Every structure is written in C-alpha cells, then in structure tokens.
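**Q** structure, please.
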Amino acid sequence: MSAFQPGSHYAFPEPIPEADTASIARKMFDIAYAGRSPAQRLDIYWPDAGNGPFPVIVAIHGGAFMGGDKRDAQLTPMLAGLARGYAVVSINYRMSGEATFPALVHDVKAAIRWMRANAVAFLFDPARIAVWGGSAGGYLALMAGVSANVAALDDPTLGHGDHSCAVQAVVDWFGPTDFLQMDAQLAESGLAPAPAFAHNGANSPESLLLGRQITEAPELVRAANPETYLHGGAPPFFIQHGDRDDIVPSQQSARFAACARLILGREKVHFELLPGAGHADPAFSTPQNIQKVLAFLDQALGA
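**A** Take a look at the predicted model:
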C-alpha cells in the first residue's frame, strides 16, 4: 500500500499549528513513558497553584492515525481544564507509518500506567484519570475506556505492568468505531466520499492502521472496534458528533452510545449530536461546549 496523505482526506490541516501554552507557568515536555519508540513521549501541564494530587485529563490527538502531535492545537480545549484544577497530560503514540494496530492502543495504556507509577512525583491523583480525544484520538479514548482488562490489547512489557491502565471517564469527539460501516453510513446520510477517499480502500487511514485492506480483514476490524469490548464495568462516556460529519459518520457514535447505554445504563452515557457540525468543527471547541465537557468530568471524577 502506498503512503496516504492525511491532508488530502481529513479535516486536519498539515501541519497543524501548535497550541499556545506560553502563559502556562508549570509544564514539562517530552517525557518518555516507554522506551520502544521516540513517539512514546508525553507533555505535562499543571494548574498555576497547588500541589495536588490533581485529577488528570489525558489529551489524545487525532490525525487519521497518521498525523497530529501532542503539542498541536487539538490540545487547546483540554487545557481549559487547568483552570478547574486538572493536570493535563498530552501524549504521542505510534502511528500507522511506524506500527499497525494494536500498537497505538498499547501506547495509550502504557502512558496511563506511567502516570500511575509516577503519580506522587508528578502530583497526579491516580484514582481520577480521564481520557479525551477527537477523531483518531476519540477512538483511542474509547479503546482506553473499554479494554483495560483485555490482554490482547495490552503490552505490559512497555513498562509498569504492575499498575492499572483503567480510566475513570471518557470523552470522545467524533471518533470512528466500526470501520467497515463508515462508507455505507456516509452514503446513507448523503455524504458519500469520492471513490479515491473511501474508507474501504486499500490506502484509507483505517486500512493503513490495520496493515490490511479492511474489506479483506473483517475479524481484524472487529478486534479494532471499541464496541467489541464494552462491559458493565466500563467508565462513564461523554460522546459528541456533528450530524454533518463527512469524514467519520455520526452513526458510528450513535451506535456505540446505544450499545453502551444498554450495558451501562443511560445515566453513564451522554450522547449528543451537534446540528450542522462537520468533522473537527469549531462548534466542539466553543467555551460553552468545553464547559459542558468539564462539568461531565467534574461529576464523573468527583473533582
């Protein structure tokens, strides 16, 4: 399969500008949470005052599983948590140009274990960790939320295998779930992609992530679907999607939320369609919407 350029298909410009963190007084960059890849690094931001322990927002960037960075502007909404007393940890992970699924899931869980192993030194509350991401980052947030006890989606050799990788809350903005349904769902909504940009194609982001064209690997697609691992002990979910998303169909989030409500109960799954919003739409990052997310986290984490 040939290289696929994320800027030609997804709504993230390449390169994405960096988030403005100049005014944040307490921060540390490029800390290794594992030693297998240069991608296994994280940045930490703390509230201006206090010695914690702070509840943690883990920020997971998107970018079609092949682009984006822990320091780019996708981080900006999560940084609003600093004013509410959250530490924010922004992570990088191995992308499809370096390693195929489930390596990126392994990395997110290794980063969470690192946070717990180093909680005292870095002022984290190990009992209150939330994950928040958009698009591919939303997908990884869902996977972290459902698969803490799934051995096939874990690699404790990355470090700190004696610590839990479970999270206590999940925020998913417009993340994909069932890769094989995406083209049909977009067509159903009148948003069908051009053939060259079909998710079922050999060079789609999803096929590159799995290392095989998704239409030829249905069992692998199922293994990569967060819905596969839903269970009654999963944390609460906050899920939002734009109803005019022409990249990741809104039906992906709607189905996951419906399944999660059946298993967890409606009170643990907030699902909302943003009318008229597209992929990575500015509507997600309005002050009003960010405060809605933070209110969910306050309740879920008891912060």
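**Q** for P126, grab the count of nearby residues.
**A** By the measure other C-beta atoms under 10 Å, the count of residues near P126 is 17. Any C-beta I mention is one placed from the backbone N, CA and C, and that applies to glycine too.
**Q** correction: the previous question concerned P47.
**A** 19.
**Q** who touches the residue nearest to it when sequence neighbours are not counted in this structure?
**A** If you skip the residues right next to it in sequence, P47 has L82 as its closest partner in space, 5.0 Å away by C-beta to C-beta, 6 or more residues apart in numbering. Neighbouring residues of L82 by C-beta atoms under 8 Å, 6 or more residues apart in numbering: 24, 45-48, 88.
**Q** which phi and psi does L82 have?
**A** Main-chain dihedrals, L82, degrees, to the nearest 10: phi -60, psi -40.
**Q** please renumber so the chain begins at 39
**A** Shifting the count to begin at 39 puts that one at L120.
**Q** local confidence estimate at it?
**A** If you check L120, the pLDDT there is 98.
**Q** for it, give its distance to L335.
**A** Separation of L120 from L335 (C-beta to C-beta, to the nearest Å): 13 Å.
**Q** now do the strands in the stretch 139-288 of the chain.
**A** Under the criterion DSSP state E, counting those that start in this stretch, strands of the stretch 139-288 of the chain are mapped to 162-172, 207-211, 275-280.
**Q** closest to L246 out of the ones you listed?
**A** strand 162-172 (18.8 Å; C-beta to C-beta).
**Q** would you mark the buried spots in the closest one?
**A** 162-164, 166-172 (16 or more other C-beta atoms under 10 Å).
**Q** just stretch 229-247 next, same as before
**A** By 16+ other C-beta under 10 Å, the buried positions in stretch 229-247 come out as 230-231, 235-239, 241-247.
**Q** let's have those in JSON lines, adding pLDDT.
**A** Formatted as JSON lines, those follow (pLDDT from 0 to 100):
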{"residue": "A230", "pLDDT": "93"}
{"residue": "P231", "pLDDT": "91"}
{"residue": "F235", "pLDDT": "91"}
{"residue": "A236", "pLDDT": "95"}
{"residue": "H237", "pLDDT": "96"}
{"residue": "N238", "pLDDT": "96"}
{"residue": "G239", "pLDDT": "95"}
{"residue": "N241", "pLDDT": "93"}
{"residue": "S242", "pLDDT": "95"}
{"residue": "P243", "pLDDT": "96"}
{"residue": "E244", "pLDDT": "97"}
{"residue": "S245", "pLDDT": "97"}
{"residue": "L246", "pLDDT": "96"}
{"residue": "L247", "pLDDT": "97"}
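**Q** mind listing the helices for the stretch 89-238 of the chain?
**A** Counting by DSSP state H, counting those that start in this stretch, the stretch 89-238 of the chain has helices at residues 114-117, 141-155, 157-160, 174-184, 220-226.
**Q** so where is the protein shaky, pLDDT-wise?
**A** The model of the chain has pLDDT under 70 over residues 39-52.
**Q** which phi and psi does V307 have?
**A** Main-chain torsions, V307, degrees, to the nearest 10: phi -130, psi 110.
**Q** for stretch 214-227, buried residues please.
**A** Burial within stretch 214-227, assessed by neighbour count using 16+ other C-beta under 10 Å, is assigned to 214-221, 223-224.
**Q** against P93, how distant is L332?
**A** The value you get for L332 to P93, if C-beta to C-beta is used, is 11 Å.
**Q** looking at the two, which is more packed in?
**A** P93 (25 against 21).
**Q** just to revisit the earlier point, could you dump the buried residues of stretch 214-227 to a markdown table with distance to Y131?
**A** Shown next, in a markdown table, are those (distance: C-beta to C-beta, whole Å):
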| residue | distance to Y131 |
| --- | --- |
| P214 | 16 |
| T215 | 18 |
| D216 | 21 |
| F217 | 18 |
| L218 | 23 |
| Q219 | 24 |
| M220 | 22 |
| D221 | 26 |
| Q223 | 26 |
| L224 | 26 |
